[in-house]
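*Asks:* what's the 3D shape of this:
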Amino acid sequence: MKKKISTILLIFVLTVSLAIPSYAAQTKDDLQNELDNVNSQKEDISNRLSKAKKDIEKLNSKVSTLNNEIAAANQKISETEAKITKKKKDMKEREDGLNERLRVMYKNGSIGFVDVLLGSNSISEFISNLGLIQKIYENDMKVLETLKREAEELEQIQKELKEQKEQLAVKKTELDNDVAELNSLKKELEAKEDELLEEAEALTSKIQSLTNSGSEYVGGGSWVWPAPASHYLTSYFGWRLHPVYGTWRYHSGIDIAAGSGTNVLAAAPGTVILSVDYGNYSYGECIIIDHGGGITSLYGHMTRGSRRVSVGQKVNAGQVIGLVGSTGISTGPHLHFEVRKNGVVTEPLDYIG
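*Replies:* Okay, the predicted model is just below:
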């Protein structure tokens, strides 16, 4: 029974082993197909990430507009409250003045009031005084009514402004939630973007490592400077603060600042083993040359569509293979140049310095 089970397990293991191809056994063509697939996924993620960033910008603009409207509403509410306070103060002063006059007029009853009126020197003066008192009273009442009406109107305006502010606050909350969701999506897409970028770079390294290390080295003794238009380096080989991501990352080569459209030269003779466009990622327009003996050189960020060599083509040292550009993850025109030995990055200046 145990022998039977062992036989079954052995058959299962062999079946699985045959069904799943070994990564190590993959050819350059297989890896290139995988690389093309990864690049396609990166392009999709790039488009989605670009859309998410644009949506975030639009929403942030709307949030900013709402913040301005809310601030304006708060200002209007404050101004209205000040006007209401003043109106009520005026009403109080008018009421106090009217009450004081009425108190004086009526403190001794109606007779006292008549006595005041009878203090006039003539009947015409009496009538005149009576009319004047009546007019003062009526005017006080009209002013009070006007102040009351204006205060009520201001309170209505204040109520409407507060309702408007509440509606704006609700909209802002909704937009803040949308922005938070988009920022979360943006982080997910950026993480996926980094993951695909690392995968693409790993595949590129794997392609380089599959060069025939036992083949004869044809690179020659002295290599050609790959960007003759400039010898100015903006980044050296090793750890650096990434100009795009803002984090410390290992720089696998050197960056030579040169004018866009200037020539990129093959640093040494060899055979092209990779000629690909990474799109908006990684090296952008990229070429890798195998110089034999496991030594390869890589040329990145070239101008879109400027690659002049294809896979399998033999090149000479100093041959123009493309033009300097700023494709892929780049902040400006330059040539990214790196050298690997059996797939492992090494100091490029040891070869071209």
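*Asks:* what residue is smack in the middle of this protein?
*Replies:* Note on the chain: the residue nearest the mean C-alpha position is residue 53, at 5.0 Å, using C-alpha atoms, centre = their mean.
*Asks:* Roughly how far does that one sit from residue 326?
*Replies:* 19 Å (C-beta to C-beta, to the nearest Å). (Each C-beta comes from the backbone N, C-alpha and C, glycine too.)
*Asks:* tell me which residues in stretch 256-265 are buried?
*Replies:* Buried residues in stretch 256-265, counting neighbours by 16 or more other C-beta atoms under 10 Å, are found at 256-258, 262-265.
*Asks:* And the strands in this structure?
*Replies:* Along the chain, counting by DSSP state E, strands occupy 233-235, 238-241, 248-251, 254-257, 263-265, 270-277, 285-290, 295-302, 314-315, 320-323, 334-341, 344-346.
*Asks:* okay, those strands, which one's buried deepest?
*Replies:* Mean neighbour count (mean count of other C-beta atoms under 10 Å) peaks for strand 295-302 among the strands of the chain, with a mean of 26.
*Asks:* Show me what that one is packed against.
*Replies:* helix 123-209, strand 270-277, strand 285-290, strand 320-323, strand 334-341 (3 or more C-beta pairs under 8 Å, 6 or more residues apart in numbering; DSSP states H and E).
*Asks:* sorry, back to before: tell me which of the strands of the chain sits nearest to residue 138.
*Replies:* Within the strands of the chain, the stretch nearest residue 138 is strand 238-241; the backing value is 82.1 Å (C-beta to C-beta).
*Asks:* So residue 197 sits against residue 281, correct?
*Replies:* Yes - in terms of C-beta atoms under 8 Å, residue 197 counts as a neighbour of residue 281; the distance is 5.6 Å.
*Asks:* contacting residues for the residue nearest to the residue nearest to the centre of the chain when sequence neighbours are not counted?
*Replies:* Nearest in space to residue 53, with sequence neighbours left out and distances taken as C-beta to C-beta, 6 or more residues apart in numbering, is residue 186 at 6.6 Å. Residue 186 is in contact with 49, 52-53, 56, counting by C-beta atoms under 8 Å, 6 or more residues apart in numbering.
*Asks:* still on that earlier bit, could I get the pLDDT score of the residue nearest to the centre of the chain?
*Replies:* Here the pLDDT value assigned to residue 53 is 79.
*Asks:* Return the distance of it relative to residue 172.
*Replies:* For residue 53 relative to residue 172 (C-beta to C-beta), the value is 21 Å.
*Asks:* likewise residue 226?
*Replies:* In terms of C-beta to C-beta, residue 226 sits 53 Å off from residue 172.
*Asks:* the more surrounded of the two?
*Replies:* residue 226 (25 against 17; other C-beta atoms under 10 Å).
*Asks:* From residue 190, how far out is that one?
*Replies:* For residue 226 relative to residue 190 (C-beta to C-beta), the value is 31 Å.
*Asks:* now do residue 280
*Replies:* 13 Å.
*Asks:* So for the two, which sits in the more crowded spot?
*Replies:* Comparing residue 280 with residue 190 by other C-beta under 10 Å, the one with more neighbours is residue 280, at 18 against 15.
*Asks:* Now do the phi/psi pair for the more buried one.
*Replies:* phi -90, psi 10 (degrees, to the nearest 10).
*Asks:* For it, which non-adjacent residue is spatially closest?
*Replies:* Nearest non-adjacent residue to residue 280 (C-beta to C-beta, 6+ apart): residue 46, at 5.1 Å.
*Asks:* try residue 313
*Replies:* residue 272 (4.7 Å).
*Asks:* contacting residues for the one you found?
*Replies:* 287-290, 309-315, 321 are the contacts of residue 272 under C-beta under 8 Å, 6+ apart.
*Asks:* if you set the cut-off to 7 Å instead, what comes out?
*Replies:* Residue 272 makes contact with 287, 289, 309-313, 315 under the criterion C-beta atoms under 7 Å, 6 or more residues apart in numbering.
*Asks:* Next up, the contacts around the closest residue in space to residue 347 that isn't next to it in sequence.
*Replies:* Excluding its sequence neighbours, the residue lying closest to residue 347 (C-beta to C-beta, 6+ apart) is residue 237, at 5.1 Å. Residues in contact with residue 237 (C-beta under 7 Å, 6+ apart) are 251, 253-254, 347-348.
*Asks:* cutoff 10 Å now
*Replies:* 250-255, 337-339, 345-350 (C-beta atoms under 10 Å, 6 or more residues apart in numbering).
*Asks:* Check residue 86 too.
*Replies:* Per C-beta under 10 Å, 6+ apart, neighbours of residue 86: 147, 150-151, 154.
*Asks:* The closest residue to residue 326 other than its chain neighbours and residue 185: what is the separation?
*Replies:* With C-beta to C-beta, 6+ apart as the measure, residue 333 is the residue that lies nearest to residue 326, at 4.8 Å, once sequence neighbours are left out. Plainly put, residue 333 is 32 Å away from residue 185 if you go by C-beta to C-beta.
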